[in-house]
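>>> Fold the following.
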Amino acid sequence: MTARPTAVVLGAGPGLGMSIAHRFADEGYNVALVSRTAERHPGYLAGLENAAAFVGDVRKGVGTTLDEIAERFGAIDVAYYGPAAIEPDSFPADITEATPAAVEKAMSWVYPAVEVVGKLLPGMLERGRGGFLFAGGLSAVRPMPALGALAVSSAALRNYARTLHEGLAGTGVYVGSLIIGGLVERGDIHRMVVAQREKYGDAGGHTLDPDALASVAWKMFSAGAPAESVFDAL
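From the prediction side, this is the model:
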């Protein structure tokens, strides 16, 4: 009997992360969920089969967590990288006020992506198959001054993923980016905005269905193309 492949969701949350988890589970994958605390894990796992949840904070290093996942499920075949770039209630300063310290802090969201690739890529290359999916913001492709230092890190992550995509052509290992512009429904930021309309305004027309995004992500991974898809509801 052929072993089930394994997908890791780094930065699992109630929006896109869980939609990615369910889509890959529906396609026959084991699913490993990784988030900073275990508080939501029982709810996340309730609707999934062949799944397990692990505590790990990408900014503090997830090498040990990935080892634990490999011990549980075997080789990791695909990694989705989607940790939140900021806390839901924390908004950055405008780009005109960005400081070196702010940019350095924003880039702390990018460095772990490189760590994850470094950890998993050798095995994927040896097997001749696998993939990485990165979730980033629309400021990577459109100037959005209000996002300040986050625009710098979003562009860096996108460029890293695009360059990896080209560098791994012909190896059987796919790298793709989901460039997201809008409030992902069911996600923490979406819930916060909806709950505080007097502060943030009406989100109508600016939301994205995470199940639809996850469907595109699966198609990208399974086809090995394109290098990125842009979702713009702004």
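>>> Surely residue 231 touches residue 179?
Yes - Residue 231 lies in contact with residue 179 (Cβ atoms under 8 Å); the separation is 6.8 Å. The C-beta positions use only the backbone N, C-alpha and C, and glycine is treated the same way.
>>> what about these two, which has more around it?
Between residue 231 and residue 179, counting by other Cβ atoms under 10 Å, residue 179 is the more crowded of the two (22 against 17).
>>> any chance you could map the strands in this structure?
6-10, 30-35, 51-55, 78-81, 130-137, 173-181, 183-184, 207-208, 228-232 (DSSP state E).
>>> so where's the longest helix in the protein?
For the chain, the helix with the greatest residue count under DSSP state H is helix 149-167.
>>> Now do that helix against strand 130-137, angle only.
150 degrees (axes from the mean of the first three to the mean of the last three Cα atoms, to 10 degrees).
>>> Make a markdown table out of the strands of the chain and add mean pLDDT.
Below are the strands of the chain laid out as a markdown table (pLDDT from 0 to 100):
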| stretch | mean pLDDT |
| --- | --- |
| strand 6-10 | 98 |
| strand 30-35 | 97 |
| strand 51-55 | 97 |
| strand 78-81 | 98 |
| strand 130-137 | 97 |
| strand 173-181 | 97 |
| strand 183-184 | 91 |
| strand 207-208 | 94 |
| strand 228-232 | 97 |
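>>> Start and end of stretch 225-234, how far apart?
25 Å (Cα to Cα, to the nearest Å).
>>> what's in contact with it?
By Cβ atoms under 8 Å, 6 or more residues apart in numbering, the residues outside stretch 225-234 that reach it are 138, 141-142, 158, 161-162, 165-166, 174-183, 205-208, 213, 216-217, 220.
>>> Just the buried ones from the residues you listed?
138, 141, 158, 161-162, 165, 174-183, 207-208, 213, 217, 220 (16 or more other Cβ atoms under 10 Å).
>>> so who does the residue sitting nearest the centre point of the chain touch?
Centroid-nearest residue in the chain: residue 82, 1.8 Å away (criterion: Cα atoms, centre = their mean). For residue 82, the contacting residues are 9-11, 13, 16-17, 20, 134-135, by Cβ under 8 Å, 6+ apart.
>>> worst-scoring helix or strand of this protein, pLDDT-wise?
helix 197-200 (a mean of 70; mean pLDDT, DSSP states H and E).
>>> Cool, thanks, signing off.
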